[in-house]
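1. Give me a 3D structure for the following:
(2 chains)
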2 protein chains.
Amino acid sequence: MKFTLVATDNAARAGLLETDHGTIETPVFMPVGTQGSVKAIEQRELIEAGAQIILGNTYHLYLRPGTDIVRAAGGLHKFIGWNRPILTDSGGYQVFSLTDLRHVDETGVTFRSHLDGSEHVFTPESVMRIQRDLGADIVMVLDECTPYPCDEAYAHQSNELTLRWARRCKEAFDSADLPYGYTQALFGIVQGSVFPDIRKSSAKALTDLGFDGYALGGLAVGEPAHVMYEMIETCEPLLPSQKPRYLMGVGRPENLLEAIERGMDMFDCVLPTRNGRNANLFTRCGSLNLRNAAYKSDFAPVDPECSCYLCSNFSRAYLRHLFLAKEILAYQLATVHNLTLYLWLMREAREAILQRRYVSWKRSVLEKMTQGVGIES
Amino acid sequence: MKFTLVATDNAARAGLLETDHGTIETPVFMPVGTQGSVKAIEQRELIEAGAQIILGNTYHLYLRPGTDIVRAAGGLHKFIGWNRPILTDSGGYQVFSLTDLRHVDETGVTFRSHLDGSEHVFTPESVMRIQRDLGADIVMVLDECTPYPCDEAYAHQSNELTLRWARRCKEAFDSADLPYGYTQALFGIVQGSVFPDIRKSSAKALTDLGFDGYALGGLAVGEPAHVMYEMIETCEPLLPSQKPRYLMGVGRPENLLEAIERGMDMFDCVLPTRNGRNANLFTRCGSLNLRNAAYKSDFAPVDPECSCYLCSNFSRAYLRHLFLAKEILAYQLATVHNLTLYLWLMREAREAILQRRYVSWKRSVLEKMTQGVGIES
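-> Below you'll find the predicted structure:
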């Protein structure tokens, strides 16, 4: 994997991330395909929306269909019919948030499956093996994602464990054979909750270990947005400029734009897909709740400036009807639109960085989004 | 509306049904878009699958979003973004099967909505007005669909009411203004349960009234398939050969092929879409239940001879995984495939009629489907 900085505009960066499944233009938003599908959207529609890379969740895929099935299929790309890049997370976040967690110790984590209660163990080594077998282009280290709030002593101790696991991950990753012939990259994850000193020490230690990219984890877990931005500002100067930076689990359009301004390159979040399925549509003029009676006879497109399949062919009134009637098509169309909007936003951000007008562009975009011009048509 | 018989092969017919929204090649299968959406498939995917005409259900659309909204949108075609032909049923079937029915009398039917319990009345006149306002290319008369089994006296009496309603429908339809400028056609519905004499008298009476097309209703409601075929054979010679014949609510692939052999031109059924959402996939070699563990590591396409998006890009193992994981994409892909298969089957049937080899073609298709060749790969 090769990362090239194409342009910078203050801390904001436009880059090219080359993988064996294609080159990604950054900043990039990565739709989340938890169980091998980005919910309610077809792979060809992801391409149409402009998705360059998608996520898979190691925890979910390991439990179902199981690593053996994915490996027998020839890897996750072949199994799910997606030949662009894939990033898999380590499964750590899901273990800590979804499961009946049995035990964390130096070795790893023992947990019970949320599907059938069966007991499993994730260790740094096993998680590297699983992700190698899934065949992601970008593999994440096993970490402990601290909750918010979290006391400083716990954040410190947890981060120390995460760093020891990161070292073991790197060793296991480097010594594992490549199951599919193409290159895979390994990203480290900076933890440290909202404590600048722990964040700094985490960033430094990971940089010393040397990864192909660096993620900021443990953010967007409930802390105020300004605290998240401060943590980004704390870590950013310590991360190598020639490597991609990935802000995990973020976020709303404004969060992405603020994080890009602070030097972040990669993002993932379930917000556009999950909110879409809940009738919450993001537009250039703010978000609309399509269940609102205001849209009953509103035959305008959801976002008149959007060129997606929904906005080119259907009205707010029709989409509202589909949501009220619980038609699956509602989830399909809302997902197509929200992802199209997110991916458009990232392309525009990149263009603004290339033209070195990022901050003024961001200001005008956010002003329009928060003023809600045109929401009532 | 104009119907032209292009070719016949014994009783089987290939025709062209011209409407102001385009010409339909018959035999034709009409996907069911109950609430203004064929479930789990996008309109552009219906086009891709080869859908020439879709159904809307008057009962559902009248209750939600309401005829006023559809009329304000400029009709159902515009409201749902579908500019090919649409057929709407009369709402009668749903009133008798879905609602808390209050009262049937000469005037019409009084019922309570399955959505909110509110009371409504459908009369022949109101149902014509509603369907005019929905703007369907093909409008169906209000009828009483007899259940199965049904005693002969009731079937007779019910059919007499249906015939009196048919006359009122025709009068109301003919005297109504055209809300959207394009032509709408009205079909009569032959009832009479499984009693040949009542069926014959119904067919004769409707033909005397004169409709743009004739439907057989009250079949596929639980009677054996051979009884349904006998009823088709009973009615067919009495229906004008220069008008289209529509067998309502049918059916499985073999039912369609047998009905085509017996002179039927048009079909609708929720089977391909509903079964698809239940992991039941129709193929040229029989149907597959994708939840079956046999497909866990089966990386073959659902139907290797099918060119749909599912079969061209994804495996049985992946689709099975999506169903087990309850991913919406499972419903999307299964629907795309099942409709593609049904619509392919109709195109092939037409071709066989044009080449006057319908019966031998039908035999070979059904032999392959029932032998289940290739189901286990």
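
2. where's residue A:217 relative to residue B:276, distance?
-> 40 Å (CB to CB, to the nearest Å). All C-beta atoms are positioned from the backbone trio N, CA, C, and that covers glycine.

3. try residue A:309
-> Separation of residue A:309 from residue B:276 (CB to CB): 21 Å.

4. And these two? Which one has more around it.
-> residue B:276 (28 against 20; other CB atoms under 10 Å in any protein chain shown).

5. which residue sits closest to residue A:329 in space, ignoring its chain neighbours?
-> Using CB to CB, 6 or more residues apart in numbering or on different chains and skipping residues adjacent in sequence, the residue nearest residue A:329 is residue B:37, 4.3 Å away.

6. So the one you found, which state does it fall into?
-> On the three-state scheme (DSSP: H, G, I helix; E, B strand; the rest coil), residue B:37 is labelled coil.

7. what's the burial count for it?
-> So residue B:37, with other CB under 10 Å, has 26 neighbours.

8. How confident is the prediction for it, by pLDDT?
-> Predicted confidence (pLDDT) for residue B:37: 98.

9. List the contacts of it.
-> Contacts here follow CB atoms under 8 Å, 6 or more residues apart in numbering or on different chains; on that basis residue B:37 touches A:322, A:325, A:327-329, B:80.

10. hmm, try it at 6 Å
-> Residue B:37 makes contact with A:322, A:327, A:329, according to CB atoms under 6 Å, 6 or more residues apart in numbering or on different chains.

11. how about it, phi and psi?
-> Main-chain torsions, residue B:37, degrees, to the nearest 10: phi -150, psi 130.

12. Tell me the spacing between it and residue A:331.
-> As defined by CB to CB, residue B:37 lies at a distance of 11 Å from residue A:331.

13. cool, and residue A:111?
-> Computed as CB to CB, the residue A:111 to residue A:331 distance reads 30 Å.

14. Repeat that for residue A:248.
-> Using CB to CB, residue A:248 is found at 25 Å from residue A:331.

15. Tell me the pLDDT of residue A:271.
-> Model confidence at residue A:271, given as pLDDT, is 98.

16. Burial check on it, number of neighbours?
-> 21.

17. and if you look at the one 10 residues further on?
-> By the measure other CB under 10 Å, the count of residues near residue A:281 is 26.

18. Quickly find the element holding it.
-> If you go by DSSP states H and E, residue A:281 is part of strand A:280-283.

19. same deal with residue A:193?
-> For residue A:193, there is no helix or strand it lies in under DSSP H and E.

20. So it is in contact with residue A:155, correct?
-> Yes - using CB atoms under 6 Å, residue A:193 is in contact with residue A:155, at 3.9 Å.

21. where do the contact lists of those two overlap?
-> Common contact partners of residue A:193 and residue A:155 (CB under 6 Å, 6+ apart): residue A:146.

22. Just give the strands next to the strand holding residue A:281 in its sheet, each with its orientation.
-> Sheet pairing of strand A:280-283 (DSSP bridges) gives strand A:286-289 (antiparallel).

23. I'd like the distance from the strand it pairs with to the chain centre, please.
-> When C-alpha coordinates are averaged (CA atoms, centre = their mean, to the nearest Å), strand A:286-289 and its chain have centres 22 Å apart.

24. for that strand, which positions count as buried?
-> Within strand A:286-289, the residues that count as buried by 16 or more other CB atoms under 10 Å in any protein chain shown are A:286-288.

25. ok, then the element right after that strand?
-> Sequence order places helix A:309-313 as the next helix or strand after strand A:286-289, per DSSP H and E.

26. how about the helices in the stretch 201-350 of chain A?
-> In the stretch 201-350 of chain A, the helices defined using DSSP state H, counting those that start in this stretch lie at A:225-235, A:253-261, A:271-277, A:309-313, A:316-324, A:328-354.

27. quick one: contacts of the fifth one?
-> It stands for helix A:316-324. A:279, A:290-291, A:295, A:297-300, A:302, A:329-330, B:37, B:65, B:79.

28. mean confidence score for it?
-> pLDDT averaged over helix A:316-324 gives 98.

29. what's the distance between it and the middle of its chain?
-> Relative to its chain's centre, helix A:316-324 lies at 29 Å (CA atoms, centre = their mean).

30. So what angle separates the directions of it and helix A:328-354?
-> 120 degrees (axes from the mean of the first three to the mean of the last three CA atoms, to 10 degrees).

31. Contact partners for the residue nearest to the spatial centre of chain A?
-> Centroid check for chain A by CA atoms, centre = their mean gives residue A:268 as the closest residue, at 1.4 Å. Residues in contact with residue A:268, defined by CB under 6 Å, 6+ apart, are A:30, A:32, A:55.

32. ok, so what distance separates the closest residue to residue A:89 other than its chain neighbours from chain B?
-> Leaving out its chain neighbours, the residue that sits closest to residue A:89 by CB to CB, 6+ apart is residue A:140, at 4.9 Å. Computed as CB to the nearest CB, to the nearest Å, the residue A:140 to chain B distance reads 21 Å.
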